[in-house]
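Enquirer: how would this look folded up:
(2 chains)
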Amino acid sequence: MKRTLKIVGILAAVLLGWWVSAGLDRVADDTVTAAKQAQENVDWAQWGGDSMRNNTPAGHNIPTEWEVGEFDYRTGDWDPNEAKNIKWVAQLGSQTYGNAVVSGGRVFVGTNNSGGWLERYPSNVDLGCMIAFDVETGEFLWQHSSEKLPTGRVHDWPLQGICCAAYVEGDRLWFVTSRGEVRCLDTQGFRDDEDDGPYQQEEQLLEAAGTPYNLKEEADVVWVFDMMAELGISQHNMCSCSVTAAGNILFVNTSNGVDVEHNYIPAPDAPSFFAMDKHTGKVLWTDKSPGLNILHGQWSSPTCGELAGKPQVIFGGGDGWIYSFDPQGTPDGQAKLLWKFDANPKTSKWELGGRGTRNNIIATPVIYEDRVYVAVGQDPEHGEGVGHLWCIDPSKQGDVSPELAFNAADPDKVIPHKRVQAVVPEEGDLARANPNSAVIWHYSQHDQNGNGKFEFEETMHRSCGTVAIRDDILYIADFSGLMHCLDAETGQVHWTYDMLSAAWGSPLIVEDKVYIGDEDGEMAIFRHSADPVVALSDEEPHYGTRDMGTSVYSTPIVAGNILYITNRTHLFAITEIDSSEEQP
Amino acid sequence: MNGRSVCFAVLLAYAGTLSITAMHCAVAADQQSMEWPNWRGPQQNRVSTEKNLIESWDPEGGPEGNLVWKNPELGSRSTPIVMNGKLFTIVRDQPGTSVESEMVVCVDAATGKKIWQYPMNVYLCEVPDTRVGWSSCSGDPETSRIYVQSVSGYFCCLDAKTGKLIWERSLLEEFGLINTYGGRTNVPVVFEDMVITSAVVVGWGDSAKYNFLARPAHRFMALDKATGELRWINGTNISPFDTTYSTPTRCVLGGQAAVVFGSGDGQVWAIQPRTGKHIWHYPLSRRGLNTSPLVVGDTVYTGHSEENVVGSTMGAVVALDGTLEGDQTDKEKWLRPKLMVGKSSPVMVDGKLCVVDDRAKFMMLDPQTGKSLAQKKFGTMMRSTPLVADGKVYLCTSGGRWKILRATDTGIEVLHELRLEGEASDGSPIVSQGRIYLPTSAAIYCLGNPNVEPTADPLPEPPQETPVDQAAAAAQIQVIPFDALLAPQQTQNYRVRLFNARGQLLREAAASEVRFSVDGPGAVSPAGQYTAPSDNAHQTSLVVCKVGELTSTARVRVVPPLPWSFDFDKAEKVPLTWIGGRVRYVLREQDGERFAVKRSVLPTPRNPVNKLGTRSQLSMGPVDLADYTIQADFAADQQNGKMPDYGLTNSRYSMTVRSSVGELRIYSWSPHDYRTHASVEFQPEPHQWYTMKMRVDPEGSRATVRGKLWPRGTAEPDEWTIEMVDESPNLHGSPGLFGKAEVAEIFVDNIRVYANQ
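Expert: Residues are numbered from 1 along each chain as shown, chains lettered A, B, ... in the order given. Sure, this is the predicted structure:
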């Protein structure tokens, strides 16, 4: 296997002098820093670990060596004879995109129903499933089942299951269903012998269905908010958002999108973003800014934290813009926009396929050191293409895009945004630098070797991956299979590595290790370092590559010193196991 | 005639400067073996017997670059074909403009210079512009004709030399083809005197009498390749999972002629090509199948990358015994689960089965056992199928990573590789006359060494069918044409063919041995001439033919000339003659009015709340109708604050109310941002009846499309509400209705269609 490695960090040090060299010196201490982390994460209770979405949990002795064992393809049964360092395995469906989260002694995973956990729903019944497992044993606890919407793939694509990660606080879990709902569940299910409410129709519906059921295996729903009915949204292909919260406020991206014709937005006035009371499901404020400029779907997840001295909740829009709002909204229930940022060049064009240059936002913005980081991307089905990664200063107000759009007819007046192409030169449009730009740095194509060409390894491609940053070292993977390592302060590229496989997930940084899964089902493990010589060995990930058996579309997480990874069909709890002990 | 076809001299952006003299002649080789008349090649297995082919090339050209020519005008997702020195492909015509269409292009295979082009307007279509050219041309060396299926279901037979139209059909308007945003379009296959193509079809006939063709299924249509007349239509299971694009493989299995394909119902099927009769089927996936089966001897190899029917894994490669019959569930020779081979089709290289999975992982398998022999990672995504020739494998990943490989005793060796930056490769490389043609989104590259004379081994002798015993008794009869659309009093002559059980033609039946009758209006003569009834009604009939104990039927629709009027006052159902009418539309009486309702739920045995099909197109009659006006009253329900979209079609244009965005729109290619269209603001009120009128005036090189909308019962406004002039006109087409009723019901009444006044 020939892989490509670009070693630019050392070259940069020579060219840029002491400043970068100092940075490299700091990098050299990374492994020491990691080893000194004392606190470990017991839980990883939402996408990214917390509302700032930077997947850098603390852990100790997280494995880099494991074998997943063999599986009977007919039954999904695990044969642990060849397994190594696998604490337990839980069967999922046939497609798993919803990331595992860990909280309160349980692991929650979104998947489809091909695992057939409930007797009343055999495995050939297509459902969106949110499943709870025991964190110690992997024992199945309960399942929330979302039957498919009758409209089919336009709203609820077959067999894709629940695609989001849950948000958990105490004994409450919130998630977005494949039916376009926000649901709040009791993390204990009915195993606490209580039917938490106000929603208390579970048993009534089970009885009405007339099929055998075990209430202990069913989800205890606390409340339901139907975004299609209440907000009028029309999600495209799938409703998915990994929600987060600040205090009592839950933040949701609605997934509102285009219709089957793809240039027709059937619900332009429906909200794209909204806030709700997490206890009651009451809507607090909504925003429909993307509106008729939605390019495809909206599957980004919100991020919140205190930035520039004020709380902000940040959404990635289906129009390719980033929006920041005051989490509280206005007293009269309106959204209070703080800033917005067009993450695509104004002349970029929305076109289906690899040649299109305008992208939407599927990745989740990440907050790190008072800055916001986010990449653009598209539905992977649209093919590979050029992307952008941005570092944004969140202290500014208003339109903080890198450029503003004008037309020659009135060159001082900013023209309204245009969906397909914001600036059409043939129509007299022009783009100028925005004096209020919040760009700290931008990474897309950089001629690192100075040969006058933008080569594959010198390109940030479309990505739905979310960055992970620690010690000012940023990692992100793209659909074209490149793992990028950059300086989080400057955007300077340290190194790239070609996995020769598309990455849908995002990196995990823990201890001195960086994990990233790919569509081939491999988990590459680098050493956490800006120095490619440290991060890799013989041009391969320093800690090697582990075979997960089937595609990994998720992001590895660590909680309680256990590494959790889902491939398409199974959830693995991975930990160092004394080789003298038998596998479970 | 669709559009603006003609031959003309062309500009060639980059034709290369290399000498091509030596490549013109191929005297020593078997000419047939150096043709590539369909995307899978002369043996339908992507294998060529040509020799001395290149082992490297340079996209920049140069003396050693082996780049014969590069033509950016031919950039496409379609795989080209080469026949008689000409290359044919399908491209976007005038991309991103108000007149964009899909276009067949013929160039000189040696130079890349354009010889002719044939634009095909995209109409009533949901396929986006960048997915145009999903299908490939299919050539017929016998007649020197090519067959093309456009993304919108327009099907044509063209003279390969001139591009002149021989015949055309509109599969959407005539048979109820469904096109979708995904763009998946099938590739026609020439078999003897037929051309066979397929699509998910929702036609007319909602009862057993009419073969349930109003129910959706992936169906094959066998057309007389000389005339386009329909020989047979037959499908796989009702309610397929997906639209798909697996190209049927013509083959002989156990001495029986067959076409083998992957279907939208997730099963691999073998059917008799002459009769459409099912031979066997094998359930492989819970979703549709897109790869084209590879047949070697009596073994069928294929793959997929969706859910397996057993267990919870995705993807498999399977080997099947093609000689069996009936349901082949669990009867596979072997199955390798979790191999995600769903786009690129299997090929055989030096006796080893090679597949490239959707993630561009090349795998070599033992064809006897399925056991892995070797594997290499080539990138992230694969859509095309490798070319096997001259002991080498040529392939290009979707991301533009080009490889020339050679099989070794221990695996696979990379002889040459490069990356075409920024170019996507969906079409497959082909070879003809020593030249390899690589299609990408940016161009077709013609690769070859001009100093090497093309040569090839003869093609291996294909397997032969069991000889026909002409004296044997017939086991099947076929009455042709299977489906006809006639005017009152129009006549249609029927022929009857006799086949044995293996689907081999015995003979055409003599009039004396055939007993014709009619089940329905009209009359048929003993000689098989049917005469449609004289009354001006929209009605259907069956022509029944018996030979001994064998029976076959042909379907007839009788549609009168304009004017038409449908008020439903005395009807029990919507006209049976409407394609996509029954099932989706029912009649209801309310407030003293009887009208048609487009249902918001279409229950199926598997799904009582199904909504698939609630968004659909309806065609009322002949596709050659032109210069007419259609008018109807519409109203709509509102549910959860949402109203449906609805409207009229006329001459392949649509005029629809888009309730959710408050717009009245006229257009012909809905997902295209630049194709001629017009819109005005209009917000309908729920349950308010409106009268909509749509008129199309064909004016030679353009068409004027106009529409009106006003509250029913009020005076018709003098002015047109909406109007556009299309410089790439559709000049004719069936009247019809469009409805998107998934959110709520649509009500239709008082439909009138009449000649423009």
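Enquirer: How far does stretch A:240-257 stretch from one end to the other?
Expert: Its start and end residues considered, stretch A:240-257 measures 12 Å (Cα to Cα, to the nearest Å).
Enquirer: what's the spacing between that stretch and its chain's center?
Expert: Mean-position distance between stretch A:240-257 and its chain equals 13 Å (Cα atoms, centre = their mean, to the nearest Å).
Enquirer: Just say helix, strand or coil for the closest residue to residue B:135 other than its chain neighbours.
Expert: Nearest residue to residue B:135 in three dimensions, chain neighbours excluded: residue B:185, at 4.2 Å (Cβ to Cβ, 6 or more residues apart in numbering or on different chains). C-betas here are computed from N, CA, C, even on glycine. The local conformation at residue B:185, judged by DSSP: H, G, I helix; E, B strand; the rest coil, is coil.
Enquirer: Could you check the pLDDT of residue B:185?
Expert: Residue B:185 carries a pLDDT value of 97.
Enquirer: what's the burial count for it?
Expert: 28 (other Cβ atoms under 10 Å in any protein chain shown).
Enquirer: shouldn't it be in contact with residue B:132?
Expert: No: applying Cβ atoms under 8 Å as the test, residue B:185 and residue B:132 come out as separate, 9.2 Å apart.
Enquirer: what touches both of these two?
Expert: Residues touching both residue B:185 and residue B:132 by Cβ atoms under 8 Å, 6 or more residues apart in numbering or on different chains: residue B:151.
Enquirer: ok, back up a step: and the residue nearest to residue B:135, what does it touch?
Expert: Going by Cβ under 8 Å, 6+ apart, residue B:185 touches B:127, B:134, B:135, B:149, B:150, B:151, B:179, B:199, B:245.
Enquirer: Just the element for the second one, please.
Expert: Mapping residue B:134 onto the secondary structure by DSSP states H and E places it in no helix or strand at all.
Enquirer: Excluding chain neighbours, give the residue nearest to residue A:408 in space.
Expert: Per Cβ to Cβ, 6+ apart, closest to residue A:408 is residue A:428, 4.0 Å.
Enquirer: Same question for residue B:205.
Expert: Closest to residue B:205 by Cβ to Cβ, 6+ apart is residue B:213, at 4.5 Å.
Enquirer: any low-confidence regions in the chain?
Expert: Unless you meant another one, I'm taking chain A. For chain A, the stretches with pLDDT under 70 are A:1-39, A:579-584.
Enquirer: hm, I was asking about chain B
Expert: The model of chain B has pLDDT under 70 over residues B:1-30.
Enquirer: Run through the residues that contact the spatially most central residue of it.
Expert: Centroid-nearest residue in chain B: residue B:186, 3.8 Å away (criterion: Cα atoms, centre = their mean). Contact partners of residue B:186, counting by Cβ under 8 Å, 6+ apart, are B:135, B:149, B:197, B:198, B:199, B:244, B:245, B:246, B:247.
Enquirer: what does residue B:694 give?
Expert: Residue B:694 is in contact with B:629-631, B:647-650, B:653, B:655, B:666, B:705-708, counting by Cβ under 8 Å, 6+ apart.
Enquirer: Find the pair from the residues you listed with maximum spatial separation.
Expert: By the measure Cβ to Cβ, B:649 and B:708 form the most distant pair in those, at 15.5 Å.
Enquirer: Which one of those two is surrounded by more residues?
Expert: It is residue B:649, of residue B:649 and residue B:708, that has more neighbours when counted by other Cβ under 10 Å, with 26 against 22.
Enquirer: The more buried one and residue B:751 touch, don't they?
Expert: No: in this structure residue B:649 lies outside contact range of residue B:751 using Cβ under 8 Å: 11.7 Å.
Enquirer: intersection of neighbour lists for these two?
Expert: Joint contacts of residue B:649 and residue B:751 (Cβ under 8 Å, 6+ apart) are B:630, B:737.
Enquirer: Residue B:521 belongs to a helix?
Expert: No: using three-state DSSP, the assignment for residue B:521 is coil, not a helix.
Enquirer: so how far is chain A from it?
Expert: Going from residue B:521 to chain A by Cβ to the nearest Cβ, to the nearest Å gives 38 Å.
Enquirer: List the residues that contact that residue.
Expert: Residues near residue B:521 by Cβ under 8 Å, 6+ apart: B:532, B:533, B:535, B:537, B:539, B:541, B:558.
Enquirer: Go through those residues and name the one nearest residue B:44.
Expert: Using Cβ to Cβ, residue B:541 comes nearest to residue B:44 of those, at 39.3 Å.
Enquirer: Can you pull out the residues in contact with the one helix or strand the closest one maps to?
Expert: Using DSSP H and E, residue B:541 falls within strand B:539-547. The contact list for strand B:539-547 (Cβ under 8 Å, 6+ apart) reads B:204-205, B:209-210, B:474, B:477, B:479, B:492, B:494, B:496, B:498, B:509, B:513-522, B:524, B:528, B:530, B:532-533, B:551-558, B:576-577.
Enquirer: Chain neighbours aside, what residue packs nearest to the residue nearest to the centre of chain B?
Expert: Sequence neighbours aside, residue B:198 is the residue nearest to residue B:186 in space, at 4.9 Å (criterion: Cβ to Cβ, 6+ apart).
Enquirer: related to what we said a few turns ago, which among the contacts of strand B:539-547 end up buried?
Expert: Taking 16 or more other Cβ atoms under 10 Å in any protein chain shown as the criterion, what is buried in the contacts of strand B:539-547 is B:204-205, B:210, B:474, B:477, B:479, B:492, B:494, B:496, B:498, B:509, B:514, B:516, B:518, B:520-522, B:524, B:528, B:530, B:532-533, B:552-558, B:576-577.
Enquirer: In strands, which of the residues you listed appear?
Expert: Residues of the buried ones among the contacts of strand B:539-547 located in strands (DSSP state E): B:477, B:479, B:492, B:496, B:498, B:516, B:518, B:524, B:530, B:552-558.
Enquirer: For the residues you listed, work out which two are farthest apart.
Expert: Within those, B:498 and B:558 form the most distant pair, 28.1 Å apart (Cβ to Cβ).
Enquirer: Please tell me how far the closest residue to residue B:472 other than its chain neighbours sits from residue B:273.
Expert: Excluding the flanking residues, the one nearest residue B:472 by Cβ to Cβ, 6+ apart is residue B:500, at 5.5 Å. Computed as Cβ to Cβ, to the nearest Å, the residue B:500 to residue B:273 distance reads 14 Å.
Enquirer: Which one of the two is surrounded by more residues?
Expert: Counted by other Cβ under 10 Å, residue B:500 and residue B:273 do not tie: residue B:273 has more neighbours, with 23 against 18.
Enquirer: What is the burial count for residue B:192?
Expert: 12.
Enquirer: Please apply the same query to the one 4 residues further on.
Expert: Counted with other Cβ under 10 Å, the burial measure for residue B:196 works out to 26 neighbours.
Enquirer: and if you look at residue B:739?
Expert: Look at residue B:739: counted by other Cβ under 10 Å, it has 28 neighbours.
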